[in-house]
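Student: structure of the sequence below:
(chains A and B)
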Amino acid sequence: GESVGLHLPTLSVQEGDNSIINCAYSNSASDYFIWYKQESGKGPQFIIDIRSNMDKRQGQRVTVLLNKTVKHLSLQIAATQPGDSAVYFCAENGAGNTPLVFGKGTRLSVIA
Amino acid sequence: DTEVTQTPKHLVMGMTNKKSLKCEQHMGHRAMYWYKQKAKKPPELMFVYSYEKLSINESVPSRFSPECPNSSLLNLHLHALQPEDSALYLCASSLSSGMDTGELFFGEGSRLTVL
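Tutor: Numbering: from 1, shown residues only, chains lettered A, B, ... in the order given. Predicted coordinates:
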């Protein structure tokens, strides 16, 4: 079936370095993508979103890149901080009345 | 107010108990969701309510019974659960559930343990 997945289940980075979290999706009809951050014991928190008519979107310290040709999504976090340690999920909202589908998640650990 | 509030935060119940999880939002959102999340796994969709009507049931066993009393409230009634139903139950809301769902706002979840 169609699914959203991630290349790396865990990522460790030094504090101050940039982090890149990747996500592959297989539903070519998906038109909206979201990155969520989930800290231990908490619900998912919205980080940034992007629609399929864009290939890049920037927020505060975060950038999402969308490559529709290879169906790939990435989240870049600049100057990673200890507070960025969490599990990051990409999610896609397929075209039409399809609910949000989450990818497997990547755990980001920031080394002080 | 941009919060989704879930109660209780923790619940322990036996397999013969009947309990309910509650969710509330006051953002004027017309779509509400229940997700189930097991440890180290992504959230999995259970139910979607749109304009207080059940629009999606992802083949969830009948021991889980959702209810949407009004546009701000969403309940999940639990009866005769199994130990494998132990998980974090997440409620979420969005402006709509149609073609332009937009961001889902999540609550902090209710951690359920079935003994």
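
Student: so which residues of chain A form strands?
Tutor: A:4-5, A:10-14, A:19-25, A:30-38, A:45-51, A:56-58, A:62-67, A:72-77, A:86-94, A:100-102, A:106-111 (DSSP state E).

Student: just the angle between the third one and strand A:106-111, please?
Tutor: Angle of strand A:19-25 versus strand A:106-111, following axes from the mean of the first three to the mean of the last three CA atoms, to 10 degrees, is 170 degrees.

Student: give me the helix or strand of chain B that scores worst on average pLDDT.
Tutor: Lowest mean confidence among the helices and strands of chain B (mean pLDDT, DSSP states H and E): strand B:53-57, at a mean of 91.

Student: buried sites along it?
Tutor: For strand B:53-57, a neighbour-count test (16 or more other CB atoms under 10 Å in any protein chain shown) marks residue B:56 as buried. (C-beta placed from N, C-alpha, C; glycine too.)

Student: next SSE after it?
Tutor: strand B:64-70 (DSSP states H and E).

Student: so how far is that following strand off the chain centroid?
Tutor: Strand B:64-70 sits 9 Å away from the centroid of its parent chain (CA atoms, centre = their mean, to the nearest Å).

Student: the helix or strand following it - contacts with which helices or strands?
Tutor: Going down the chain from strand B:64-70, the next helix or strand is strand B:73-79, by DSSP H and E. Counting contacts by 3 or more CB pairs under 8 Å, 6 or more residues apart in numbering or on different chains; DSSP states H and E, strand B:73-79 is packed against strand B:18-25, strand B:31-37, strand B:44-50, strand B:64-70, strand B:87-94.

Student: what about the last one, near chain A?
Tutor: Yes - using CB under 8 Å from any CB of the partner chain, strand B:87-94 comes into contact with chain A via B:90, B:92.
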